[in-house]
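Curious how this folds, go ahead:
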Amino acid sequence: MRRGFTLLCLTLFLAPLTGSIGHDSGFDSQWSTSIPDMTPVIQEEIDWWERTTMDSNRNGIHDSLETLDQPVGIGLSYSRDVTDSDVELLESMGYDITDVIEAVDAVLLGVINSSDIWELSQIDGVVMVERYGQVILWGDIQTPNILAEQSEVYPHTAWNHTPMRGAGINIAMVDTGTDNEHPGLKDKFVAGYDAVCFVHTDPECILAGGRETDGSFDPDDGNQHGTACMGMAAATGLDANGEQTGFEGSAPNASLIDVRIGTDAGAGPFENYLLSQEFYESAMNGIQWIIDNKDTAWPGVDESLHGIDIISLSWGITSHEGGGSDGEDMHSRILNEATLAGVTVSVAAGNDGPDNDGLSGMGSSSLSITVGATDDMNTIDRDDDDIASYSSRGPRRDNGDNDPTNEMKPDVTAPGTNIVQAEACVTSGGCNNFLGGDASQNGYTGRGSGTSYATPAVTGIIALMMEVNDEINPLVIREILRSTATRMGPASQPEHDPHWNEDFGWGLVHGHDAVWTAQYLNMTGMTTSDMNLDLQVHIENISTQGTVNTYTGLAWSRGAAMETIEYSTDGGETWTEVVYESVNGTLSTYESFEFQFVVDTDKLPDGYNMIIVRGVDADGASSMISWDSVVGGGNVDSMGSGSSLGRTLFIAIFAFAVLAFGAWVAVQQRVDEPLQFAIAAGEIQNVPSAVDDEPLDAMIMDDEPDSASS
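Residues are numbered from 1 along each chain as shown. Next comes the predicted model:
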């Protein structure tokens, strides 16, 4: 059904694209008809424990453990599957096994004497003795700003490109629990799991006798953080009276898999775990549960809601190693495994600002989508956005794999400052989950700031992309988000990538272009096996003379050589090769070159036409596409570009979608006075401001306060 609708939409859109192109043969001598020679690079496969910078002397022990003289949380990573014999050996040595994390071949031992690390490192199969990190929860205008919801400033967005709103997509919100009784989250619950009660020292777990692991348990939020994050991803905007407030998430029809890792009193700055390492263990256990249940047929729901599609993580795990995590810690590796298993991971970069000592675990995962935060300056207009002062900057610490792209974190940014929250049953008078209350009468009151709140906005965009293309995989999703993002700031490593910036990543996420690109790939039948994401082809500039558009772009490769670059004006039915910058010698990996092609819009059919360009390798695999939209028939109007350069607004609006859904205009007002929230029909009034507040950092403290982030 979903794929059929996508085909119908794009067939209607691409039907008139049957014209010819006008290719100017009068290029000057700097251009060649032959693509520059490129040296392909084959990366040598080196086991992570042989190259990680967290063990500089290669003795199989995290460096920070070697000088420690106190009890410490320890995990063991093996080079192979953990067997029953491995567990029996550890038990015979006097250790109580806390958990086995199959996804990363690891065993969690809990807190032990630091002097034991030397003996543990000599056990057969153990390749790394790792130190537990600390779990830190990094915590209206947001949804229209990312061009998901329509607004007066940006009328052409993801929501009016397609009527999809994330239906059939399950978001695993891994947090302090979600109060899905909230009017904006009602009927979203599909399945849940309480990873806290995997830790049986939790008082409520002892009283309750444990919790179900089959997905039937519905955790409550005792903190506010989890409900707020789920609201930013998928709230419908409804209040207790059934009226629309305008505070929708970017995927208001997406569903909830509620995975709780915080205690019933939350995980905030006023509530500590009984033992800090239990939060770490709960986090690892919760993500392992998600991997184990990624294809589970949840009872009592439609088949379209089986499994788990997205993990949304608005928290990180600090590294005790100088320079932060290199992405090879246990918690980053488990997110890599989730990604390879087909679950897309959206994770917060952190709130440590420009002077951070490296990114935390989770946000350092090589394969996840790491999200930084912008300050939208209280406007929907993206032109005045800047990096949020608290947003952690990149790059990530080098993991020694000779791939500099892995260190380019964050991937993208989204608004995270002064964001309105769906209210859990913990913040309003008389509402308490533990005294029989629920969030069914709550609204959207407080505001908060942090990369916690930028992350779920991107999670919602991912849900829209997955709904329009149910064949798309996590790495293609990440590449689309990167390639379509609005560039912000100069390149920080132009020798490796001319677009990535250490503050913004590849830019401010662009919901419309990301969803359209995902839909195009689905319509044309492009699958992961048809693509080579190492090939980079981007439209950089569009100049117009009369009815003639000249497109200039940049191309390079992160590995495989590119055989040709070609463009299409008819939806990919026919392709024409571009001309290339004349280059002396052979280009090395990451070394870029220009290409150019010309389109005479007078020779295109009337209406909107897509100009698509791609690179192709020797096996016929394609790069991610870059695109522009123009008006044919002599009406020159360059309307958009999937490269984010020369983009104004894409006008391919389907009449039936417009009639069905109308104009969704968010009327949102920000004020500084902390007055009571009130809703009149269609109007938002007196929403308290948190512009001057600190970013929301709910964290777990241990006995090392100097290592805590804030």
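
Which parts of the stretch 301-450 of the chain are helices?
When secondary structure is read from DSSP state H, counting those that start in this stretch, the stretch 301-450 of the chain shows helices at 330-340.

Mind exporting the C-alpha coordinates of stretch 436-444 to PDB?
Taking Å, rounded to 0.1, in the frame of the first residue of the first chain, the C-alpha atoms of stretch 436-444 are listed here in PDB:
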ATOM      1  CA  GLY A 436      -2.500   6.900  40.500                       C
ATOM      2  CA  GLY A 437      -2.200   9.900  38.200                       C
ATOM      3  CA  ASP A 438      -1.400  10.000  34.500                       C
ATOM      4  CA  ALA A 439      -0.600  12.600  31.800                       C
ATOM      5  CA  SER A 440      -4.000  12.400  30.000                       C
ATOM      6  CA  GLN A 441      -4.900  16.000  31.000                       C
ATOM      7  CA  ASN A 442      -1.500  17.500  30.400                       C
ATOM      8  CA  GLY A 443      -0.400  19.800  27.600                       C
ATOM      9  CA  TYR A 444       2.700  21.500  26.300                       C
END
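
Determine how far that stretch lies from the middle of the whole chain.
Averaging C-alpha positions (C-alpha atoms, centre = their mean, to the nearest Å) puts stretch 436-444 29 Å from its chain's average.

what's the average pLDDT for it?
When pLDDT is averaged along stretch 436-444, the result is 87.

and what of stretch 525-545?
Predicted confidence along stretch 525-545 averages 94 (mean pLDDT).

tell me how far the ends of that stretch are from each other?
End-to-end distance of stretch 525-545: 35 Å, with C-alpha to C-alpha, to the nearest Å as the criterion.

Next: stretch 319-338.
One end of stretch 319-338 sits 20 Å from the other (C-alpha to C-alpha).

mind listing what's buried in that stretch?
The neighbour-count check on stretch 319-338 (16 or more other C-beta atoms under 10 Å) flags 319-321, 324-338 as buried. (C-beta placed from N, C-alpha, C; glycine too.)

likewise stretch 545-553?
Applying a neighbour-count criterion of 16+ other C-beta under 10 Å, one finds Thr547, Val548, Asn549, Tyr551, Thr552, Gly553 buried in stretch 545-553.

Would you check how far apart Gly177 and Pro299 are?
Noted for Gly177: a distance of 21 Å to Pro299, by C-beta to C-beta, to the nearest Å.

swap that for Glu248, please
29 Å.

So which of the two has more stuff around it?
Between Glu248 and Pro299, Glu248 has the larger neighbour count (other C-beta atoms under 10 Å), namely 28 against 9.

Please report how far that one lies from Lys186.
Glu248 is 14 Å from Lys186, by C-beta to C-beta.

again, but for Gly316
The spacing between Gly316 and Lys186, counted by C-beta to C-beta, is 30 Å.

Comparing the two, which residue is more hemmed in?
Neighbour count, other C-beta under 10 Å: between Gly316 and Lys186, Gly316 has more, with 35 against 15.

okay, the residue lying closest to the more buried one once chain neighbours are set aside: pLDDT?
Leaving aside its chain neighbours, Gly316 sits nearest to Ser360 (3.4 Å; criterion: C-beta to C-beta, 6 or more residues apart in numbering). For Ser360, the pLDDT comes out at 81.

ok, now the one 3 residues further on?
Among the per-residue scores, Gly363 shows a pLDDT of 89.

next one: Ala657
36.

quick one on the thing from earlier: which residues sit in contact with the residue nearest to Gly316?
With C-beta atoms under 8 Å, 6 or more residues apart in numbering as the criterion, the residues that contact Ser360 are Gly133, Ile136, Gly316, Ile317, Thr318, Ser319, Gly324, Ser325, Gly350, Asp352, Ser392, Ser709.

Okay, now the unreliable bits of the protein?
Residues of the chain that meet the criterion pLDDT under 70 lie in 1-29, 137-162, 198-210, 263-278, 320, 427-430, 634-710.

didn't Asp503 look like it was pressed against Arg393?
Yes - under the contact definition of C-beta atoms under 8 Å, Asp503 touches Arg393, with a separation of 5.5 Å.

so what sits against both of the two?
Pro354, Gly372, Ile387.
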